[in-house]
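Colleague: Next comes the sequence, and after it the predicted model I'd like to discuss.
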Amino acid sequence: MQMITIIAIIIIKSPRGERTNLSRLTQSSELPDPAKIWQLRAKLKTAVREFFGRDSFTEVETPVLVPCPGTEAHLDYFATQWMDHQGKAQNLWLRSSPELHMKQVLAQGMERIFQFAVSFRNHGELSPWHHPEFLMLEWYHGGISFSDFIAQSRDLIFFCISRLREEFPDLIQGSMPATLQQMTVGEAFLEFAGIHLEDQDEELAARAKSAGMLSLSGHEDFETAFFKILLERIEPAISRLGLFVLTHYPPSQAALSQVKNGLAHRFEFYWNGVELCNGFEELLNPEENRQRIGEALKIRHAEGRAIFSEDEDFYAALSSGIPQCCGNALGLDRLLARILGFDSIAPVLPLRQTWPWKNYAEGSCLLSV
């Protein structure tokens, strides 16, 4: 399971159309004092542990320094080196996700695992809802169905909201989502964009432009058109619907999820339009994993991005046999910010509003609140 990042150049506005910058956000007298933020973050972790403890999950820890930082085509990663006692350098990376190692844990006989994973992404990644260093909750559940796993993800979010409201009623006073609304990606494209979605449709960009979408020239490839429509029509529409989940993606957008009956078993939760998590019914066939990761590496090479070694231990773990499972990667910073009613993760990131990030407060880094 991995968090999927959509790279787009856009100006982000609040529902009120206001803009602000990092300096205003971090200096606001209305924000909780840092001690409260530390307490909130600790209580959120406690709630997660309580939730998974009821279902006999085991908390695990996996390496942060890794030979393969992720499997995505369009992300950039932090590179480093380990020097051995002879001074020979070994290339390593800061992980963007614990996915590859957590699946190796599954191969060791663990069927229910979770982890609080500090993760990293490079080259920008500084916006209202992004930071180069962030806290991810990732978990895997063996033997659970795709639909039941979506329900479990929903229940976790509601449980965390409930626990934090009990502990901090003075800070969490706004209305919280009471239900989860759900659509397939195909249903959402039809409902909010008026487009019948067909995977790899070469005419998708032209049809979207004819439908009045301003972000498309009409000549984009399918993937580019898909994400532009998502950003221009789908995400703004679901931002008005509280807690919302998109399910069943086109096969070309499967990443490392299984494709069944012509649709990828992948889902994404949004809270007022902000992506919280990305879940899969996991692809466990080693050859299919190798093929999809290889395709991503080809794209990286074509785009001039850093190339790294594939994780052969990951492929070996898949070959040894992992039971059917689902996995989810949830941004804990985003969840906490949403619970507190913030329109940015900046207020919930203690000690990460100083150098070097404060140098980007003005100009190019506009944050919406």
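Modeller: Thanks, I have the structure now. Small disclaimer: the values here were computed from a predicted structure and weren't measured. Numbers count the residues shown, from 1 in each chain.
Colleague: For the stretch 1-150 of the chain, which segments count as helices?
Modeller: 22-27, 34-53, 99-107, 146-167 (DSSP state H, counting those that start in this stretch).
Colleague: Give me whichever of those is most buried.
Modeller: Among these, helix 99-107 has the highest mean neighbour count (mean count of other CB atoms under 10 Å), at a mean of 23. To be clear about C-beta, it is placed using only N, CA and C from the backbone, and glycine gets the same treatment.
Colleague: Show me what that one is packed up against.
Modeller: strand 112-120, strand 133-142, helix 312-320, strand 325-331 (3 or more CB pairs under 8 Å, 6 or more residues apart in numbering; DSSP states H and E).
Colleague: neighbouring contacts of it?
Modeller: 1-2, 60, 62-63, 66, 68, 70-71, 95, 113, 115, 138, 140, 142, 256, 282, 311, 313-314, 317-318, 320-323, 325, 327, 329 (CB atoms under 8 Å, 6 or more residues apart in numbering).
Colleague: any chance of the helices of the stretch 1-150 of the chain in a markdown table, plus mean pLDDT and distance to Leu243?
Modeller: A markdown table is the format used below for the helices of the stretch 1-150 of the chain (pLDDT from 0 to 100; distance: least, CB to CB, whole Å):
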| stretch | mean pLDDT | distance to Leu243 |
| --- | --- | --- |
| helix 22-27 | 37 | 24 |
| helix 34-53 | 97 | 16 |
| helix 99-107 | 98 | 24 |
| helix 146-167 | 97 | 7 |
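Colleague: Now distance to Phe134 too, for those, in TSV please.
Modeller: Listed next are the helices of the stretch 1-150 of the chain as TSV, based on distance: least, CB to CB, whole Å:
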stretch	distance to Phe134
helix 22-27	16
helix 34-53	12
helix 99-107	15
helix 146-167	17
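Colleague: Select, out of these, the one closest to Glu287.
Modeller: Nearest to Glu287 among these is helix 99-107 (15.2 Å), distances taken as CB to CB.
Colleague: follow-up on the earlier one: what's the most buried one of the helices and strands packed on helix 99-107?
Modeller: Taking mean count of other CB under 10 Å, strand 325-331 is the most buried of the helices and strands packed on helix 99-107, at a mean of 24.
Colleague: rewinding a little: which one of the helices and strands packed on helix 99-107 lies closest to Ala225?
Modeller: Judging those by CB to CB, what sits closest to Ala225 is strand 325-331, at 25.5 Å.
Colleague: hmm, who's touching the very next helix or strand once past that closest one?
Modeller: Downstream of strand 325-331, the first helix or strand assigned by DSSP states H and E is helix 332-339. Contacts with helix 332-339, where a contact means CB under 8 Å, 6+ apart, come from 40-41, 44-45, 48, 116, 129, 131, 134-137, 157, 160-161, 164, 172, 176, 271-272, 274-276, 343-345, 347-349.
Colleague: mind listing the strands in the stretch 251-369 of the chain by residue range?
Modeller: 259-260, 263-271, 274-281, 325-331, 366-367 (DSSP state E, counting those that start in this stretch).
Colleague: Relative to the whole chain's centre, how far out is the fourth one?
Modeller: Read that as strand 325-331. How far strand 325-331 lies from its chain's middle: 9 Å, per CA atoms, centre = their mean, to the nearest Å.
Colleague: and that strand, average pLDDT?
Modeller: Mean per-residue pLDDT for strand 325-331: 98.
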